[in-house]
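**Q** Next come a sequence and a model predicted from it.
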Amino acid sequence: MITKARRVFIKTYGCQMNVYDSERIADVLAAEGFEAAERPEDADLILLNTCHIREKAAEKVYSEVGKLRLMKKAARAEGREVKIAVAGCVAQAEGAEILKRAQAVDVVVGPQSYHLLPALLKREKRAVETEFPADSKFDHLPEPGIRNMHLLPSRLHAHPLQKAHLPAPVAAFLTVQEGCDKFCTFCVVPYTRGAEASRPVAKVVEEAELLASRGVKELTLLGQNVNAYHGEGTDGRTRSLARLIAALSEIDGIERLRYVTSHPRDMSDDLIEAHASLPKLMPYLHLPVQAGSTRVLHAMNRGHDRGFYLRLIEKLRSARPDLALSGDFIVGFPGETEEDFRDTLALVEAVEYASAYSFKYSPRPGTPAAEMAQVPEGEKSERLTRLQALIAKQQAAFNARMRGLDIDVLFEKPGKRPGQIVGRSPWLQAVHADAPEEMIGTVVPVTIDAIGANSLFGALKDASLRERAIA
Ligand code: SAM
Ligand code: SF4
């Protein structure tokens with residue numbers, strides 16, 4: 001039994017979708033009377049919201065639970081019962097195996113069943129829920145309560161798209177689509193998150209309006225394959241992501257929109273056109289290609305070749321000339337030769353990314369590529385170093401081009417220095433400037449005068465505003 005003054009500690013791993021899910025889990029638990037614990041040691045419920053995308057994900061969760069087991073034992077010695085719940089993609093992939101291997105775990109809950117958490121926690125017996133229910137969890141989750149984000153420790157897993165949420169977030173995530181039907185041969189997502197499903201337009205708009213009424217200015221629409229969005233409109237007909245973005249653009253208070261992560265094959269003409277016609281849609285696009293060799297793209301089952309991706313980038317840039325690109329790359333996919341890898345370097349040279357993530361291929365049990373002939377680890381590491389050096393050079397060049405420009409910054413939070421506040425450029429760079437805190441939540445032009453390793457520095461363009469900052 002959980003004690004009366006119940007406190008929860010939620011630890012989030014992985015992508016922004018998990019960050020969003022943790023926020024929704026916090027809503028569910030807050031409605032049950034849970035309060036936040038600052039440290040796992042103080043909690044009555046410790047919930048690990050796990051990610052399966054990285055290497056040895058399951059082993060890492062078992063090792064973390066091993067540490068928590070000792071904590072649970074110590075609490076019991078003091079007469080306090082602590083429950084441990086494992087949520088997220090490792091919970092989905094491992095299911096009942098977690099209860100078998102980790103005696104300390106009380107509840108295992110997959111990403112589609114968070115609304116069932118209160119019932120699962122009340123069960124006397126240890127519980128597993130990893131079904132893909134016919135009706136969406138979104139129909140059962142309580143309305144997003146920004147106030148409930150206090151249940152989340154402030155140091156959530158760092159991700160460049162992640163924003164500070166407390167006390168009144170200026171930028172928020174909103175999941176619009178989940179799951180994936182693409183079955184890339186390296187990826188576990190179709191197995192852990194299930195089939196592609198989109199939320200109806202009206203539900204998304206309702207949630208966005210609620211967030212706007214609470215001071216959110218920027219929305220990042222989330223989905224494993226967000227541009228495959230095909231949600232139902234009020235007339236029962238399907239709407240594309242471009243139509244959804246157009247509807248969200250109409251909401252007063254929402255000033256910026258982004259979406260992540262997109263698949264090149266789902267980059268439809270109306271979405272490209274949206275980048276030209278919707279000023280609230282920010283000129284920054286994360287569009288992973290994974291590899292530059294057509295042969296490897298085929299082996300990955302990406303469904304397009306190198307030429308298709310490069311032509312797509314051209315189309316996007318002619319629709320929106322200031323569009324900056326980001327991407328994901330996998331090096332050392334089974335069978336990748338030095339020549340294939342050079343195709344990746346050449347593609348990166350051709351596209352010129354503003355930033356990009358790159359990973360060594362790592363086999364995921366149950367996926368087709370795990371059964372293919374593997375590239376030696378040393379070769380993967382060497383290729384990763386070369387690719388990352390090129391990406392770092394491009395990122396530095398992109399940031400350096402900002403010097404002397406006036407750019408619109410949405411200020412989000414106080415900076416480290418007194419008198420300084422921090423926000424984001426349209427291209428997602430962190431921008432620091434001296435300005436009064438009341439400017440947090442507003443978009444203000446800033447003249448960039450210095451470029452740091454990971455952020456830009458500038459002064460408010462408007463002289464009268466600058467004087468107010470000094471006063
Ligand atoms: N849906 C997105 C797409 O199609 O590009 C990607 C989502 S995936 C959750 C995030 C990134 O993790 C991928 O883009 C890929 O670069 C990386 N990734 C996925 N499986 C991997 C594996 N087995 N080894 C290395 N990196 C992997
Ligand atoms: Fe995974 Fe993305 Fe491929 Fe789907 S499209 S299988 S999420 S990499």
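**A** Arrived safely. Ligands and ions are numbered 1, 2, ... in the order given.
**Q** what separates stretch 333-350 from the chain centre, distance-wise?
**A** 26 Å (CA atoms, centre = their mean, to the nearest Å).
**Q** Now that stretch: average pLDDT?
**A** Summarised as a single mean, pLDDT over stretch 333-350 is 98.
**Q** and it with ligand 2, contact?
**A** No. If you take CB under 6 Å from any ligand atom as the test, stretch 333-350 misses ligand 2, and the best it gets is 11.8 Å. Any C-beta I mention is one placed from the backbone N, CA and C, and that applies to glycine too.
**Q** buried sites along that stretch?
**A** By neighbour count on 16 or more other CB atoms under 10 Å, the buried set for stretch 333-350 is 333, 334, 336, 340, 341, 343, 344, 345, 347, 348.
**Q** Out of these, which is nearest to ligand 2?
**A** In terms of CB to the nearest ligand atom, no member of those lies closer to ligand 2 than residue 333, at 11.8 Å.
**Q** Return the distance of the residue lying closest to the closest one once chain neighbours are set aside relative to ligand 1.
**A** Spatial nearest neighbour of residue 333, excluding adjacent residues (CB to CB, 6 or more residues apart in numbering): residue 361 at 4.7 Å. As judged by CB to the nearest ligand atom, to the nearest Å, residue 361 and ligand 1 stand 5 Å apart.
**Q** Give the other helices and strands that the helix or strand hosting residue 46 contacts.
**A** Assigned by DSSP states H and E, residue 46 belongs to strand 45-50. Judged by 3 or more CB pairs under 8 Å, 6 or more residues apart in numbering; DSSP states H and E, strand 45-50 is in contact with strand 7-12, helix 16-31, helix 57-77, strand 83-87, helix 88-94.
**Q** quick one: residue 445 and residue 462 touch, right?
**A** Yes. The pair residue 445 / residue 462 is scored as a contact, 7.0 Å apart, by CB atoms under 8 Å.
**Q** which residues touch whichever residue of the stretch 101-250 of the chain sits closest to ligand 1?
**A** Across the stretch 101-250 of the chain, the shortest distance to ligand 1 (CB to the nearest ligand atom) belongs to residue 186, at 4.0 Å. Counting by CB atoms under 8 Å, 6 or more residues apart in numbering, residue 186 makes contact with 300, 330, 333, 361, 364, 367, 369.
**Q** need the contact list for the closest residue to the fifth one other than its chain neighbours.
**A** Closest residue in space to residue 364, ignoring its immediate chain neighbours: residue 188 at 4.7 Å, by CB to CB, 6+ apart. Contacts here follow CB under 8 Å, 6+ apart; on that basis residue 188 touches 52, 53, 89, 93, 364, 366, 367.
**Q** Now do residue 188 against residue 366, distance only.
**A** From residue 188 across to residue 366, the span is 7 Å (CB to CB, to the nearest Å).
**Q** Contact residues of this protein facing ligand 2?
**A** So the chain meets ligand 2 at 180, 182, 183, 184, 187, 189, 190, 224, 225, 263 (CB under 6 Å from any ligand atom).
**Q** quick one, phi/psi of the third one?
**A** Residue 183 adopts backbone torsions of phi 50, psi 50, taken as degrees, to the nearest 10.
**Q** burial of it, as a residue count?
**A** 13 (other CB atoms under 10 Å).
**Q** Excluding chain neighbours, what is closest to it?
**A** Closest to residue 183 by CB to CB, 6+ apart is residue 190, at 5.2 Å.
**Q** how deep is the one you found tucked in, by neighbour count?
**A** Applying other CB under 10 Å, we find 18 residues neighbouring residue 190.
**Q** Check which helices and strands the strand or helix carrying it sits against.
**A** Per DSSP H and E: residue 190 is located in helix 189-192. With contacts taken as 3+ CB pairs under 8 Å, 6+ apart, helix 189-192 sits against helix 88-94.
**Q** same question for the helix it packs on, mean pLDDT?
**A** Here the average pLDDT along helix 88-94 is 90.
**Q** I'd like to know which elements the helix or strand following that helix is packed against.
**A** Next helix or strand after helix 88-94 toward the C-terminus (DSSP H and E): helix 96-101. Applying 3+ CB pairs under 8 Å, 6+ apart, we find helix 96-101 packed against helix 57-77, strand 107-109, strand 127-129.
**Q** With just CA atoms, put helix 96-101 into CSV.
**A** Written as CSV, here are the backbone C-alpha positions of helix 96-101 (Å, rounded to 0.1, in the frame of the first residue of the first chain):
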residue,chain,number,x,y,z
ALA,A,96,6.2,-9.5,-18.1
GLU,A,97,9.9,-10.4,-18.4
ILE,A,98,10.6,-7.3,-16.3
LEU,A,99,8.5,-8.7,-13.4
LYS,A,100,10.3,-12.0,-13.7
ARG,A,101,13.8,-10.5,-13.8
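**Q** can you pull the buried residues of it?
**A** 98, 99.
**Q** any weak-confidence spans in this structure?
**A** Low-confidence segments of the chain, defined by pLDDT under 70: 1-5, 133-136, 140-168, 469-471.
**Q** ranges for the helices of it?
**A** All helices of the chain, identified by DSSP state H, fall at 16-31, 57-77, 88-94, 96-101, 117-122, 189-192, 201-213, 241-249, 269-277, 294-299, 306-319, 338-351, 377-400, 463-470.
**Q** I'd like the distance from residue 403 to residue 374, if you could.
**A** Distance, residue 403 to residue 374, using CB to CB: 44 Å.
**Q** just residue 127 next, same as before
**A** For residue 127, the distance to residue 374 - CB to CB - is 38 Å.
**Q** for residue 91, what are its contacts?
**A** So residue 91 contacts 50, 98, 108, 109, 110, 111, 130 (CB under 8 Å, 6+ apart).
**Q** Mind jotting down where the strands sit in the stretch 351-471 of the chain?
**A** Applying DSSP state E, counting those that start in this stretch to the stretch 351-471 of the chain gives strands spanning 355-360, 406-414, 420-424, 430-434, 443-451, 455-460.
**Q** Okay, now the sheet partners of the last one, with direction.
**A** Spelled out, that is strand 455-460. strand 430-434 (parallel), strand 443-451 (antiparallel) (DSSP bridges).
**Q** one step back: with mean neighbour count as new columns, can the strands of the stretch 351-471 of the chain be given to me in a markdown table?
**A** Formatted as a markdown table, the strands of the stretch 351-471 of the chain follow (neighbours: other CB atoms under 10 Å):
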| stretch | mean neighbour count |
| --- | --- |
| strand 355-360 | 19 |
| strand 406-414 | 20 |
| strand 420-424 | 22 |
| strand 430-434 | 21 |
| strand 443-451 | 18 |
| strand 455-460 | 20 |
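**Q** Just send these back as CSV, with distance to residue 307 too.
**A** Formatted as CSV, those follow (distance: least, CB to CB, whole Å):
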stretch, distance to residue 307
strand 355-360, 20
strand 406-414, 33
strand 420-424, 33
strand 430-434, 35
strand 443-451, 34
strand 455-460, 35
